[in-house]
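Asker: model the structure of this input:
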Amino acid sequence: MDEFKQTQNAQLAQLFDTLDHQVRDDIVATLLQSGDQRYIDLAGMVHDTGDESVADVLTELDNKHVDRSLQELHEIEVARKRLAEGTINCCIECGGDIGFKRLLAYPVAVRCIACQTQFEKTHAHEATPRM
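Answerer: Sure, this is the predicted structure:
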């Protein structure tokens, strides 16, 4: 591996470490502020259904936030594995080059820009809640 590639890989490894610490700190902060006391404070001692409903929604949002953060940690671990295997810059769709600038901007990218654009067009409405 040439020196330039080693430098890029070292930058990405450092970026993964930084992201990992940020996400873990965010999870801890969310869990610390989302304890039962927060629910009690929000719902009040007299259980008004409106206040209780707001407390339930905020608790659910905290849970979703933690779930998303755990997903981010998984993506970071997958990216670290790809870096170790030497495939960090290989698109999972076409096998083409993801590009170092793209990886710096979005370190857990698994697709090149062209494939990601197509993926987003194809899967645009999958995460949209149904009414």
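
Asker: how about low-confidence regions in the chain?
Answerer: 1, 4, 34-61, 126-131 (pLDDT under 70).

Asker: quick one: the helices in it?
Answerer: Along the chain, counting by DSSP state H, helices occupy 3-33, 36-43, 49-85, 100-105, 113-122.

Asker: who wins for proximity to Cys91 among the ones you listed?
Answerer: For the helices of the chain, the distance to Cys91 is smallest for helix 113-122, at 5.3 Å, taking C-beta to C-beta. The way it works is simple: take the backbone N, C-alpha and C, and place the C-beta from them, glycine included.

Asker: so what touches the closest one?
Answerer: Cys91, Ile92, Glu93, Cys94, Gly96, Gly99, Arg102, Ala109, Arg111 (C-beta atoms under 8 Å, 6 or more residues apart in numbering).

Asker: in ChimeraX, how would I select the buried members of the residues you listed?
Answerer: Selecting just the buried residues from the contacts of helix 113-122 in ChimeraX takes one command, with 16 or more other C-beta atoms under 10 Å as the test:
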select :91,102,109,111
